[in-house]
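S.K.: sequence? don't have it. structure:
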């Protein structure tokens, strides 16, 4: 796809950007009294579809599918689309493994996918036809499935699949011609590694677990992070402060939600500069990521409202919006 | 036909050809953006159509210079060019609109795409959005004036 052909896609995206949730919308949602009101607010803005009813998770998944559908309609470079849909693809792998183990799993737990939707994924795993999966997924799928089969260790299964997803994103990001995509994938992997290290240190995970879970990336020395996290939270914080992640360390000292917010804000800042170039995939990718971000915010608020969290607690967890 | 006539016709052809190529490119790329906006918001059709048309003017300017030239060199009227020097003079007189038309239409097309993006997101900013590509038009008009003045003053 030449740069000029992005003119059509970017123009469509410009119109769609008007319906993205703004910071004001998020504040309004936080101020609503319960989950039902938040859901109603979102549905008034066109979220969900006739099949989703008032099931919050179904509404959110419908929105993710709408975004993927739009990306398909825009006919952007399939490599970009594949890269952006890796998290959904690997999510389907995890859901597939769990469904093969426990067939009663909810069908809505799968994302729609042209080649690797629910039926295809379950068939591939049941028949151990790993060759039918993309190259970057085969080894992880086989290993995760075998571990689940032998040990029923769902957490280890998730760690293997998540790590494979990060490795695939990092590799595809490095190959990408789009600087935005490269930077975004790099930031995603780095931020996810830091998140994993923080959770691991707080739950007392071993060095072996960290080595298994952390994906190598250009901006972080994951080996050093693994050793720091295996030692103590203090050592991990010192490492982050000494390696240009002072804000991350400060957010971690403040609270878990402040750290989560820092992670998301960092990703949003990565995509912000590319929003204005109408002859690049930048605005399309930025829109896709912004949609992911607003769906995540909606999920946080819906979950918080369902659990009667106070407005202050929810406000601490919401992030910057793209609009 | 003498070489002077060949140069004069070549100049006229370049005026229409290069300016037309620039306009076709500009209107084409702006049209892609306009179609993108209308597919999402059909109410913006009139606004984005105007923005799409702006890079089309260079092609008209080129055509105008071509007609004036042809009507003075014995093709559509006037007297045939009888010397190489006179033919080269017509050729050079056509170059401003040919070259500036090509380049300005290219840049006006890109500016129109950006303005269409602005209208798509903020329809109430249409007036301002029109001004950005219109600024590029200034230089096409200047080139048109130079070409017309030069062509009509060759004796």
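M.R.: Now that the structure is in, tell me what you want to look at. This is a predicted model, so every value here is computed, not measured.
S.K.: Ranking helices and strands of chain A by mean pLDDT, which lands last?
M.R.: Within chain A, no helix or strand scores below helix A:78-84, which has a mean of 73 by mean pLDDT, DSSP states H and E.
S.K.: just how off-centre is that helix within its chain?
M.R.: Centre-to-centre, helix A:78-84 and its host chain are 14 Å apart (CA atoms, centre = their mean, to the nearest Å).
S.K.: Tell me the helices and strands packed up against the helix or strand following that helix.
M.R.: Counting by DSSP states H and E, the next helix or strand C-terminal to helix A:78-84 is helix A:86-101. If you count contacts as 3 or more CB pairs under 8 Å, 6 or more residues apart in numbering or on different chains; DSSP states H and E, helix A:86-101 packs onto helix A:118-126, helix A:135-151, helix A:154-175. (C-beta placed from N, C-alpha, C; glycine too.)
S.K.: can I get those helices in CSV with mean neighbour count, distance to residue A:183 and mean pLDDT?
M.R.: Below are the helices and strands packed on helix A:86-101 laid out as CSV (neighbours: other CB atoms under 10 Å in any protein chain shown; distance: least, CB to CB, whole Å; pLDDT from 0 to 100):
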stretch, mean neighbour count, distance to residue A:183, mean pLDDT
helix A:118-126, 18, 31, 89
helix A:135-151, 17, 20, 90
helix A:154-175, 19, 8, 87
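S.K.: Between the ones you listed, which one is closest to residue A:16.
M.R.: Residue A:16 sits nearest to helix A:154-175 of all those, at 24.3 Å, using CB to CB.
S.K.: So for the chain, which residue is the most central one in space?
M.R.: I went with chain A, as the question did not name one. By CA atoms, centre = their mean, chain A has its centre lying nearest to residue A:87, at 6.0 Å.
S.K.: think we crossed wires, I meant chain B
M.R.: Short answer for chain B (CA atoms, centre = their mean): residue B:58, at 1.1 Å.
S.K.: just so I have it, where are all the helices in chain B?
M.R.: With DSSP state H as the criterion, chain B has helices at B:3-40, B:45-53, B:57-70, B:84-121, B:126-152.
S.K.: Indicate which one of the ones you listed is closest to residue A:189.
M.R.: Minimum separation from residue A:189 across the helices of chain B (CB to CB) falls at helix B:84-121, 30.9 Å.
S.K.: Buried residues in the closest one, which are they?
M.R.: Neighbour-count burial for helix B:84-121, counted by 16 or more other CB atoms under 10 Å in any protein chain shown, picks out B:86-91, B:93-121.
S.K.: Quick check: the residue nearest to the centre of chain A touching residue A:165?
M.R.: Yes. The criterion here is CB atoms under 8 Å, and residue A:87 meets it with residue A:165 at 6.3 Å.
S.K.: now residue A:202: how far from residue A:196?
M.R.: Computed with CB to CB, to the nearest Å, the distance linking residue A:202 and residue A:196 is 11 Å.
S.K.: Next: residue B:133.
M.R.: As judged by CB to CB, residue B:133 and residue A:196 stand 49 Å apart.
S.K.: And for residue A:128, the neighbour number?
M.R.: 11 (other CB atoms under 10 Å in any protein chain shown).
S.K.: Checking it next. Helix, strand or coil?
M.R.: Recorded secondary structure, residue A:128: coil (DSSP: H, G, I helix; E, B strand; the rest coil).
S.K.: Now do the contacts for whichever residue of chain B sits closest to chain A.
M.R.: Taking CB to the nearest CB, chain A has its nearest neighbour within chain B at residue B:36, 3.0 Å off. Residue B:36 makes contact with A:7, A:8, A:9, A:10, A:11, A:12, A:14, A:15, B:120, according to CB atoms under 8 Å, 6 or more residues apart in numbering or on different chains.
S.K.: cutoff 6 Å now
M.R.: Residues in contact with residue B:36 (CB atoms under 6 Å, 6 or more residues apart in numbering or on different chains) are A:8, A:11, A:12.
S.K.: most neighbours, which of those residues?
M.R.: Highest neighbour count within the contacts of residue B:36: residue A:11, with 30 neighbours (other CB under 10 Å).
S.K.: Surely that residue touches residue B:38?
M.R.: No. Using CB atoms under 6 Å, residue A:11 is not in contact with residue B:38, being 8.8 Å away.
S.K.: Once you drop chain neighbours, what's closest to the residue in the stretch 101-250 of chain A that chain B sits nearest to?
M.R.: Chain B sits closest to residue A:180 of the stretch 101-250 of chain A, with a gap of 16.8 Å, by CB to the nearest CB. Nearest residue to residue A:180, sequence neighbours excluded (CB to CB, 6 or more residues apart in numbering or on different chains): residue A:274, at 4.3 Å.
S.K.: can you pull the pLDDT of residue 23?
M.R.: Using chain A. If you check residue A:23, the pLDDT there is 84.
S.K.: The chain in question should be chain B.
M.R.: For residue B:23, the pLDDT comes out at 97.
S.K.: Can you tell me the closest non-neighbouring residue to it?
M.R.: Nearest residue to residue B:23 in three dimensions, chain neighbours excluded: residue B:59, at 3.4 Å (CB to CB, 6+ apart).
S.K.: same thing with residue A:245?
M.R.: Closest residue in space to residue A:245, ignoring its immediate chain neighbours: residue A:194 at 7.1 Å, by CB to CB, 6+ apart.
S.K.: If I take the helix or strand where that neighbour lies and helix A:154-175, what angle do their directions form?
M.R.: Assessed by DSSP H and E, residue A:194 sits inside helix A:179-202. Angle between the axes of helix A:179-202 and helix A:154-175 is 150 degrees (criterion: axes from the mean of the first three to the mean of the last three CA atoms, to 10 degrees).
S.K.: how much does helix A:179-202 deviate in direction from helix A:86-101?
M.R.: Interaxial angle, helix A:179-202 versus helix A:86-101 (the same axes, to 10 degrees): 50 degrees.
S.K.: who's in contact with helix A:179-202?
M.R.: A:166, A:169-170, A:173, A:176, A:210, A:213-215, A:217-220, A:222, A:225, A:229, A:233, A:236, A:263, A:266-267, A:270, A:274, A:282, A:285.
S.K.: do the same with stretch A:231-247
M.R.: Outside stretch A:231-247, the residues within contact range by CB under 6 Å, 6+ apart are A:201, A:228, A:229, A:248, A:249.
S.K.: Which ones among the residues you listed map onto helices?
M.R.: Judged by DSSP H, the contacts of stretch A:231-247 include A:201, A:228, A:229, A:248, A:249 as members of helices.
S.K.: No further questions, thank you.
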